[in-house]
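Peer 1: sequence plus the predicted model coming up.
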Amino acid sequence: MIRVVLPAHLRQLAKVDGEVRFDLDGPVTQRLVLDALEERFPVLRGTIRDRASGRRRAFVRLYGCEEDLSNESPDAPLPERVASGSEPLLIIGAMAGG
């Protein structure tokens, strides 16, 4: 079971409370998790990744096991504790300003 924690604005958009949970088959990667998330909540398509290129949006960060996984390959396996569901994958909407 994969656990995903979304930022408040994406939870509101997807109309979910708390974390999202779902089962995945095969090696658990960022791409697989985001594909499943967008399939379950189509309204999130284009919010985390660019629709055309599939690349993560610049101000969105992915964390797992207290590590920034944002710049890892989308096809690299996620840490075992995230893949097993003992820890969530955190999707964070970064802020900028000055």
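Peer 2: Yep, that arrived. Residues are numbered from 1 along each chain as shown.
Peer 1: what segments of this structure are helices?
Peer 2: Per DSSP state H, the chain carries helices over the ranges 8-14, 30-40, 80-83.
Peer 1: and the end-to-end length of stretch 42-55?
Peer 2: 17 Å (C-alpha to C-alpha, to the nearest Å).
Peer 1: for stretch 37-45, list every residue counted as buried.
Peer 2: The neighbour-count check on stretch 37-45 (16 or more other C-beta atoms under 10 Å) flags 37-38, 41, 44 as buried. No exception for glycine: its C-beta is placed from N, CA and C like everyone else's.
Peer 1: on that earlier part again, residue 60 is nearest to which of the helices of the chain?
Peer 2: The minimum distance between residue 60 and these falls on helix 8-14, with 9.2 Å, by C-beta to C-beta.
Peer 1: which elements pack onto that closest one?
Peer 2: Packing contacts for helix 8-14, counted by 3 or more C-beta pairs under 8 Å, 6 or more residues apart in numbering; DSSP states H and E, involve strand 89-93.
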